[in-house]
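[1] Here is a sequence together with a model predicted from it:
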Protein chains: 2
Amino acid sequence: MERLPGFRDFYPEPLPHSDVWSANARQHIFERWRETARRYGFSEYDGPPLESLELFTTKSGEEIVGQLYNFSDKGDRAVALRPEMTPTLARMIAAHERNYKKPIKWFAIPQLFRYERQQKGRLREHFQFNADIIGETSPAADAELIALLIDSLRSLGLTESDFVIRLSSRNAWQQFYADNRGDPAKARDFYQTIDKLEREKPEVTRDKLRTLGVSIDDVGAFIQQAKPTPELQEILDNLAARGLTAFAKLDYQVIRGLAYYTGVVFEAFDRKGEFRAIAGGGRYDNLVKLISEGRVDLPALGFGMGDVVLLELLKARKLLPKFDVTVDVYVLIEEESQRSSALQLVQQLRDAGFVVEYNLTPGKSDKQFKRALELGARFTAKAEGGNIRIKNLSTREERVLTSAEFISLARV
Amino acid sequence: MERLPGFRDFYPEPLPHSDVWSANARQHIFERWRETARRYGFSEYDGPPLESLELFTTKSGEEIVGQLYNFSDKGDRAVALRPEMTPTLARMIAAHERNYKKPIKWFAIPQLFRYERQQKGRLREHFQFNADIIGETSPAADAELIALLIDSLRSLGLTESDFVIRLSSRNAWQQFYADNRGDPAKARDFYQTIDKLEREKPEVTRDKLRTLGVSIDDVGAFIQQAKPTPELQEILDNLAARGLTAFAKLDYQVIRGLAYYTGVVFEAFDRKGEFRAIAGGGRYDNLVKLISEGRVDLPALGFGMGDVVLLELLKARKLLPKFDVTVDVYVLIEEESQRSSALQLVQQLRDAGFVVEYNLTPGKSDKQFKRALELGARFTAKAEGGNIRIKNLSTREERVLTSAEFISLARV
């Protein structure tokens, strides 16, 4: 029996030469995300992987249904596997925001889903690091969030020569569009045309802009000139104070596809331009109000960073650690009469926090020793009377110690 | 908009007085599970939350569909949100077992789903710690797995007065049934009757057993006498060698409902009998062969421990730590002209690994100080020239230090 197309199996190392993913690499990335978010004072939350379909159509319109992993449950509810975390966050915030001091700084690492037909080989799920700040209008919050994004990538070993945050603002484009007397009813078409600028043929963009009454040359000049709005200037100054200037640049080509962004938007890219966006985010000051049907009105901003592009980049830059099994002690059992005292030793050492392996069943001692080496064990140990005979597998030094002596020694 | 019935939202502390769950308690339990599994030399794996329906019906028969969260996807595939992890594990093992040395020791922490109608208030998802050993027939593997289960619970602060593992064996009951000349075709009915023994009225059990040609008194005597099979004796001796005797007892009332168990089975219960089973597992030596359609034949055993009953028990025994926000340093900004040097300090301290908070926007210094206390900060810090003025919030001691001095000091 096969797994469903577009889903991933995560195996431990050594990975088979096949279409599988590393569970250790996934855990490595999750731990760095979690640790960095905590350093920034963000608290973890999570919601259900399944939500009512309405939660997503309210936010993004009916046209999103074509990309959703949606279905009817046995109670005839229209439901969907979550395609993004922000609607769930907005729902959770709307329900209990009064319980939390503002600004609320939260993060989550949800698995997200989509279902598009005709996309051979494309994944239908991925994991995403989501961080959001709710209840703060100041660009100081945008800067704090962007600094978190930068440091999450730095925590994985990436540097300013590996990635850059491209900063932009919907407000800047709104002003440009108004200055060019664009039809407000068609503002969304305009944003989407800008969003596709880098991927679309220039002639197509030119024609689309012309129907919106905007000249492609004016758009080009606006991007070229790159004059920061006051909010963007404040963010750039804030990042400079942190010493993070090299990680961010103004770039009005970024505008973000989603309809609900209201202010500053940004995307993280690899410097060489080999990969799709690593992360993206921005302000969505109206979304909590929309999801709560007007009951709660809180400004908000956030970003999402997926595991798939990130993993490609880390592999390309050789920044994934070697995920060997790391056994501290391999307990040898030379004679079966020793099994009972060996098991006692196994338990003692595990109780003391060591990773301990041993042969479950009788085996030749050279085979046991070979297995200890394969597992990269630091020590082999043999129960010997009330003591332990220890061999350090890197120095080959042997000593006989009490278990208490060994425990305090090996911990150092 | 509401979340779907039977699903949970996980919030950070302080929890609202409402129907929500603690994201920190969840993470606490996951970390203890993961850490204990690693000490035992188990490697992490994961599979998709969605699998083909056939994977589950092959293992458990068509009657399981009534309890599954199943549906048709947009490609008209019959699929289901996983109700348990074992079929996914068997599928993954069958695909790549040749890549791994035996015995394979793996664990996972999947979210599992079920959908039963007419179950008001009942959860439709939970998380489960799964640990399995594949490729070893010896009861030494059963003992290793049961020891892991015991130590997972001990790692959360539970002791032998809080829980016990009730050990049994399908083999013992098979022998009993054969000795009583039971009809082999009805063996499954017999097992299910034994499984319901503790929850069913004695008259009902008596009648059911009578139709199977078995006397309830003989069943009672068999349970009472509790003579261990050779495999169970070996497991009890093995646990005794580890010093874990107080955590396990023989109890033939346990037989496990699922059809696919083949040998030793066990369940973990709280000693006071207040809660449902905390965990359960056993041998399933034929499942990998079944799932792989005969291609791979490996003995296997495993257990599952859910987060819901465990959390109830930990709460009842007051074993959940207090999940305060733990801020190391709160950086004070008394004058806005200091914001730039304050941000530099924030970045320095976060780079050094500290959890750092500060006021995103201008605020009165007494309010900042109050916030530092609320967040349980160990220190407040103020940038002062090139130095930092540090206040230890427990001793109230103040010192002026370089940031390097403070970093090495506060790390201790």
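    In hand now; what should we look at?

[2] Against A:Glu136, how distant is A:Leu15?
    Per CB to CB, to the nearest Å, A:Leu15 is found 43 Å from A:Glu136. Any C-beta I mention is one placed from the backbone N, CA and C, and that applies to glycine too.

[3] And for A:Tyr115?
    From A:Tyr115 to A:Glu136 the distance is 35 Å (CB to CB).

[4] now do A:Val355
    44 Å.

[5] A:Phe56 now?
    26 Å.

[6] just A:Tyr252 next, same as before
    Distance from A:Tyr252 to A:Glu136, counting by CB to CB: 24 Å.

[7] Pop the domain breakdown of chain A in here.
    A:10-316, A:329-411 (automatic domain parsing).

[8] mind putting the ones you listed in CSV, distance to B:Thr395, mean pLDDT and mean neighbour count included?
    As requested, the domains of chain A are exported to CSV (distance: least, CB to CB, whole Å; pLDDT from 0 to 100; neighbours: other CB atoms under 10 Å in any protein chain shown):
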stretch, distance to B:Thr395, mean pLDDT, mean neighbour count
domain A:10-316, 23, 94, 18
domain A:329-411, 29, 94, 17
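
[9] Could you list which residues are in contact with the closest residue in space to A:Phe247 that isn't next to it in sequence?
    Closest residue to A:Phe247 apart from its sequence neighbours, by CB to CB, 6 or more residues apart in numbering or on different chains: A:Ile150 at 4.6 Å. For A:Ile150, the contacting residues are A:Ile165, A:Leu239, A:Leu244, A:Phe247, A:Ala248, by CB atoms under 8 Å, 6 or more residues apart in numbering or on different chains.

[10] check contacts around the residue positioned nearest the centre of chain A.
    With distances taken as CA atoms, centre = their mean, the residue of chain A nearest its centroid is A:Phe129 (3.1 Å). Each residue near A:Phe129 by CB under 8 Å, 6+ apart is listed here: A:Trp33, A:Ala37, A:Phe107, A:Ala108, A:Ile109, A:Ser152, A:Ala279, A:Gly304, A:Met305, A:Asp307.

[11] cool, and A:Glu160?
    A:Ala246, A:Phe247.

[12] Can you report phi and psi for A:Leu310?
    Main-chain dihedrals, A:Leu310, degrees, to the nearest 10: phi -60, psi -40.

[13] so what's it closest to, chain neighbours aside?
    In space, A:Leu310 is closest to A:Ile278, 5.8 Å off (CB to CB, 6+ apart).

[14] Tell me who's in contact with the one you found.
    Counted by CB under 8 Å, 6+ apart, A:Ile278 has contacts A:Leu153, A:Phe163, A:Glu267, A:Ala268, A:Phe269, A:Asp270, A:Met305, A:Gly306, A:Val309, A:Leu310, A:Leu313.

[15] Next, it: phi, psi?
    phi -80, psi -40.

[16] Distance of it relative to B:Asp251?
    Distance from A:Ile278 to B:Asp251, by CB to CB: 54 Å.

[17] From the contacts of A:Phe129, which land in strands?
    Among the contacts of A:Phe129, the members found in strands (DSSP state E) are A:Phe107, A:Ala108, A:Ala279, A:Gly304, A:Met305.

[18] For chain B, state which of those residues is nearest.
    In terms of CB to the nearest CB, no member of the ones in strands among the contacts of A:Phe129 lies closer to chain B than A:Ala108, at 8.3 Å.

[19] what secondary structure does the closest residue to that closest one other than its chain neighbours sit in?
    Of all residues not flanking A:Ala108 in the chain, A:Asn130 sits nearest, at 4.9 Å (CB to CB, 6+ apart). The assignment at A:Asn130 comes out as strand when based on DSSP: H, G, I helix; E, B strand; the rest coil.

[20] Wait, A:Asn130 touches A:Pro87, no?
    No: under the criterion of CB atoms under 8 Å, A:Asn130 makes no contact with A:Pro87, lying 11.4 Å away.

[21] in which helix or strand would I find the residue nearest to A:Phe247?
    helix A:139-154 (DSSP states H and E).

[22] Show residues contacting whichever helix or strand comes after that helix.
    Sequence order places strand A:163-169 as the next helix or strand after helix A:139-154, per DSSP H and E. When contacts are defined by CB under 8 Å, 6+ apart, strand A:163-169 is touched by residues A:146, A:149-150, A:153, A:229, A:231-232, A:235-236, A:247-255, A:263-271, A:278, A:313.

[23] and if we set it to 7 Å?
    A:146, A:149-150, A:153, A:229, A:231-232, A:235, A:247-252, A:254-255, A:263-271, A:278 (CB atoms under 7 Å, 6 or more residues apart in numbering or on different chains).

[24] same check, this time on stretch A:7-21
    A:3, A:22-24, A:26, A:123-125, A:323-324, B:43-48, B:50, B:92, B:96, B:99, B:106.

[25] how distant is it from the center of its chain?
    Remark: stretch A:7-21 is offset 19 Å from the chain centroid, using CA atoms, centre = their mean, to the nearest Å.

[26] End to end on that stretch, go ahead and measure it.
    Between the opening and closing residues of stretch A:7-21 there is a gap of 10 Å (CA to CA, to the nearest Å).

[27] got it, and stretch A:369-379?
    For stretch A:369-379, the end-to-end distance is 10 Å (CA to CA).

[28] now do stretch A:274-283
    End to end - CA to CA - stretch A:274-283 spans 27 Å.

[29] and what of stretch A:355-365?
    When the termini of stretch A:355-365 are compared using CA to CA, they are 20 Å apart.

[30] any residue of that stretch up close to chain B?
    Yes: using CB under 7 Å from any CB of the partner chain, stretch A:355-365 comes into contact with chain B via A:Val355, A:Val356, A:Glu357, A:Leu360, A:Thr361.

[31] Could you dump those into a markdown table with secondary structure added?
    Shown next, in a markdown table, are the residues of stretch A:355-365 next to chain B (three-state DSSP):
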| residue | secondary structure |
| --- | --- |
| A:Val355 | coil |
| A:Val356 | strand |
| A:Glu357 | strand |
| A:Leu360 | coil |
| A:Thr361 | coil |
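
[32] measure the residue nearest to A:Phe247 to A:Glu136 for me?
    From A:Ile150 across to A:Glu136, the span is 19 Å (CB to CB).

[33] what's the answer for A:Leu53, then?
    For A:Leu53 relative to A:Glu136 (CB to CB), the value is 31 Å.

[34] swap in A:Thr88?
    With CB to CB as the criterion, A:Thr88 and A:Glu136 are 20 Å apart.

[35] Repeat that for A:Leu145.
    10 Å.

[36] try A:Leu112
    Distance, A:Leu112 to A:Glu136, by CB to CB: 25 Å.

[37] before we move on, what about A:Arg276?
    Counting by CB to CB, the gap from A:Arg276 to A:Glu136 is 30 Å.

[38] now swap in A:Ala279 and tell me
    Distance from A:Ala279 to A:Glu136, by CB to CB: 20 Å.

[39] so the closest residue to A:Gln338 other than its chain neighbours, which of the three states?
    Leaving aside its chain neighbours, A:Gln338 sits nearest to A:Ala383 (5.8 Å; criterion: CB to CB, 6+ apart). Using three-state DSSP, the structure places A:Ala383 in strand.

[40] A:Asp324: neighbouring residues, count only.
    Residues lying near A:Asp324 (other CB atoms under 10 Å in any protein chain shown) number 12.

[41] which SS class is the residue nearest to it when sequence neighbours are not counted?
    Residue nearest to A:Asp324 in three dimensions, not counting chain neighbours: A:Gly376, with 5.1 Å by CB to CB, 6+ apart. Under three-state DSSP, A:Gly376 falls in the coil class.

[42] Over to A:Ala268?
    Following three-state DSSP, the label given to A:Ala268 is strand.
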